[in-house]
Each structure stands twice: as C-alpha cells, then as structure tokens.
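Participant: Show me the folded form of this:
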Amino acid sequence: MKPAAFSYHRARDVTGAVALLSELAAAGEDPKLLAGGQSLVPMMSFRLARPSALVDLGGLRRRGELTGITPQADGSLRIGALTTHHEVETSAATGRDYRVLRRAMRWVGHLPIRTRGTVAGSLVHGDATAEWCLLALLCDARIVVEGPGGRREIPAGEMFHGFYATEVEPDELVTEVVFTRPAPHAALTEFAQRHGDFAVVDAAVALDRAPDGTLLGGRVVLGGVAPAPVRVPVAEAELDGGPASFAACADAAAAGVDPPADAHGSSDYRRHLVRTLVTRACEQAWDGAKESHP
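Facilitator: Just a heads-up that it's a prediction; the model follows:
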C-alpha cells in the first residue's frame with residue numbers, strides 16, 4: 001500500500017523543528033517527526049498512521065546533532081535521541097554498568113533496521129514490547145524533551161500511557177535519554193515467532209548484588225503482557241539470597257500479570273512465556289559474563 005498524502009518539511013535544528021511542529025499544529029495539521037522511520041513509515045504504508053505532515057530530522061543527524069553515548073561522572077549514561085540501535089550495539093561507552101543496553105540491541109529487528117532506527121524513535125513510538133521501552137524502565141531513564149515551553153524531563157515511569165501513547169506532546173522533540181540506574185547484573189530476553197519479529201513477550205531483569213555476591217533484590221520489567229511495559233513488584237520481592245529465588249520470582253511474575261489473548265497466543269500461553277523468560281533473564285543477569293543470543 002501507499003501512505004496517504006502528506007507535506008514534507010526539513011528541520012535545520014532543534015529550535016526549528018519545535019517551531020515547525022507548533023506552526024503546523026496551529027494550522028490544523030497533524031505533524032509527525034521522522035527520525036529513522038523504521039516504525040512510522042511502515043505504519044504509514046499500511047495507513048495505520050496518517051500524519052498530514054512530516055518533519056524530517058535527518059539533517060540534524062547528518063551533522064552529528066542529538067547523537068552520541070556519553071558516560072557521566074554521577075554514574076548515569078546519556079544517549080542522544082538520534083543515536084541508532086547499531087551505534088549502541090557496537091559502542092564500548094556503555095561500559096560494564098550499562099552493557100545490558102548494548103547486549104539487548106541484537107534483539108531489535110535485523111541489522112538494516114538497527115542501522116536506521118533510533119533510540120528516541122523507539123521510545124516515542126511506545127510499543128509495549130519494544131526493547132528500549134523495557135530498558136528505560138529497568139534503568140530509571142529520564143527522557144529529555146524540548147518544546148514551546150522549553151526543556152523538561154519525563155521519568156520512564158511516567159512515559160508510557162498505553163498502546164502507542166506516551167507522555168511526549170505532539171509539539172515536543174526528544175533530545176536525549178539519560179539512564180540513571182547502573183545495571184551491571186542485568187539481562188533482557190524475549191520470544192518471537194521468528195528472529196527479527198516483534199516479541200510476543202519480553203522480560204528484562206536487573207539484580208542487585210552485594211560485594212560478596214549475595215543477591216539483595218532486583219527489578220523485573222515485562223513487555224507484551226499489558227498495553228504498556230510494566231514493572232512487577234511482586235516478582236521483585238521474591239529476589240533474595242541467590243539463584244534459588246529465581247523460580248519463585250518467575251512464578252510471581254506470571255501470577256502478577258493478566259496478559260491479553262490474541263492471534264499470537266492465549267493469556268495462559270503468555271504467562272508461560274513470562275515464567276520461562278524471567279527465569280532465563282535472571283540466570284543471564286546472575287552470570288553477567290554470558291551474552292544473550294536471539
């Protein structure tokens with residue numbers, strides 16, 4: 001299929017992009033930002049999305065704006081909004097504390113998609129199974145946006161409202177994402193019907209370990225079980241002592257969600273996937289030297 005008719009605009013800089021969004025909205029248009037286009041363009045082709053105007057950010061990226069991966073002195077990690085998945089996948093800047101970001105990228109589609117798709121594009125798209133959405137919750141990310149009212153930060157816990165709906169306003173532009181919670185013992189894993197397909201269910205786990213290796217607690221985030229990615233506190237409460245607690249954590253995660261049923265599987269099937277994937281993510285997070293392969 002072909003997309004519905006739309007007008008095309010190029011942004012020269014962040015200020016110009018925000019101004020264009022405001023002007024187009026004031027004129028009755030429904031503008032969308034075009035970054036990597038790996039989610040928006042297919043939806044437009046199927047006419048699931050019909051923006052009347054596109055504001056292309058490609059020029060900013062070609063000039064190196066809103067890109068880069070920068071560790072901070074306070075232990076956080078800043079990633080520019082237009083940084084691609086592949087740039088994260090191949091970057092040493094994630095270090096040990098945020099290597100889960102790098103390792104998780106191999107689950108994102110296929111290589112051509114990863115070389116075009118962007119971090120902010122995935123977050124703003126708001127797919128409940130998108131790897132970046134789970135990682136944002138796992139590592140307490142702050143999404144930094146620029147709009148007509150200036151700059152503001154959106155905590156990841158307030159970012160995702162439901163099916164493809166986020167806290168970012170139509171006239172706002174994400175400029176960077178700041179991951180504030182180091183996760184040296186973390187893993188993300190998922191199940192899809194074919195490699196590169198959207199996940200049916202995915203799970204991300206970060207374990208908190210004492211210097212002597214004792215398990216002190218952790219964080220569990222799930223996708224594909226609700227309209228938005230979710231943390232599962234009842235599962236996190238089971239993480240205590242060591243690997244013997246992983247089965248109880250997985251059981252609590254499966255019992256703590258009410259997944260939808262659809263063409264990809266029943267609610268019970270998704271709970272089974274939750275149990276399996278949470279166990280697997282816990283084991284991989286415990287032994288951080290292991291890589292997670294699709």
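Participant: any idea how far the spatially most central residue of the chain is from L40?
Facilitator: Note on the chain: the residue nearest the mean C-alpha position is W132, at 1.5 Å, using C-alpha atoms, centre = their mean. Distance of W132 to L40, given as C-beta to C-beta, to the nearest Å: 15 Å. For the C-beta atoms, the positions are set from N, CA and C on the backbone; glycine is no exception.
Participant: Surely the residue nearest to the centre of the chain is within a strand?
Facilitator: No: with DSSP: H, G, I helix; E, B strand; the rest coil as the criterion, W132 is assigned helix and is not in a strand.
Participant: Can you give me the neighbour number for the residue lying closest to it once chain neighbours are set aside?
Facilitator: Nearest residue to W132, sequence neighbours excluded (C-beta to C-beta, 6 or more residues apart in numbering): S122, at 4.1 Å. S122 has 23 neighbours, counted by other C-beta atoms under 10 Å.
Participant: what secondary structure does S122 sit in?
Facilitator: Three-state call for S122 (three-state DSSP): helix.
Participant: Please list all residues in contact with it.
Facilitator: By C-beta atoms under 8 Å, 6 or more residues apart in numbering, S122 lies in contact with S39, H85, V108, A130, E131, W132, C133.
Participant: And the pLDDT at it?
Facilitator: Note for S122: predicted pLDDT of 97.
Participant: mind checking how far it is from A81?
Facilitator: Distance, S122 to A81, by C-beta to C-beta: 10 Å.
Participant: likewise L57?
Facilitator: From L57 to A81 the distance is 8 Å (C-beta to C-beta).
Participant: Please pull up the helix or strand immediately following the strand or helix carrying R219.
Facilitator: Assignment of secondary structure by DSSP states H and E places R219 within strand 215-223. Sequence-wise, the next helix or strand downstream of strand 215-223 (DSSP H and E) is strand 230-231.
Participant: Now find how far off-centre stretch 88-102 is within its chain.
Facilitator: Taking C-alpha atoms, centre = their mean, to the nearest Å, one finds stretch 88-102 lying 15 Å from the centre of the chain it belongs to.
Participant: go on, stretch 143-160?
Facilitator: For stretch 143-160, the separation from the chain centroid amounts to 15 Å (computed by C-alpha atoms, centre = their mean).
Participant: just to revisit the earlier point, correct me, but the residue nearest to the centre of the chain touches V124?
Facilitator: No: taking contacts as C-beta atoms under 8 Å, W132 lies outside contact range of V124: 9.9 Å.
Participant: Looking at the contacts of S122, which is nearest F246?
Facilitator: E131 (21.5 Å; C-beta to C-beta).
Participant: now that closest one, nearest residue through space, not along the chain?
Facilitator: E131 sits nearest to A104 (C-beta to C-beta, 6+ apart), 5.0 Å away.
Participant: before we move on, what about T70?
Facilitator: T70 sits nearest to R78 (C-beta to C-beta, 6+ apart), 4.6 Å away.
Participant: D212: neighbour count?
Facilitator: By the measure other C-beta under 10 Å, the count of residues near D212 is 5.
Participant: show me where the chain has helices.
Facilitator: In the chain, the helices defined using DSSP state H lie at 14-26, 40-45, 58-62, 85-89, 99-104, 111-114, 119-125, 131-138, 233-236, 246-255, 267-286.
Participant: so can I have JSON lines of those helices showing distance to V178?
Facilitator: Shown next, in JSON lines, are the helices of the chain (distance: least, C-beta to C-beta, whole Å):
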{"stretch": "helix 14-26", "distance to V178": "17"}
{"stretch": "helix 40-45", "distance to V178": "24"}
{"stretch": "helix 58-62", "distance to V178": "19"}
{"stretch": "helix 85-89", "distance to V178": "14"}
{"stretch": "helix 99-104", "distance to V178": "12"}
{"stretch": "helix 111-114", "distance to V178": "22"}
{"stretch": "helix 119-125", "distance to V178": "11"}
{"stretch": "helix 131-138", "distance to V178": "10"}
{"stretch": "helix 233-236", "distance to V178": "23"}
{"stretch": "helix 246-255", "distance to V178": "27"}
{"stretch": "helix 267-286", "distance to V178": "22"}
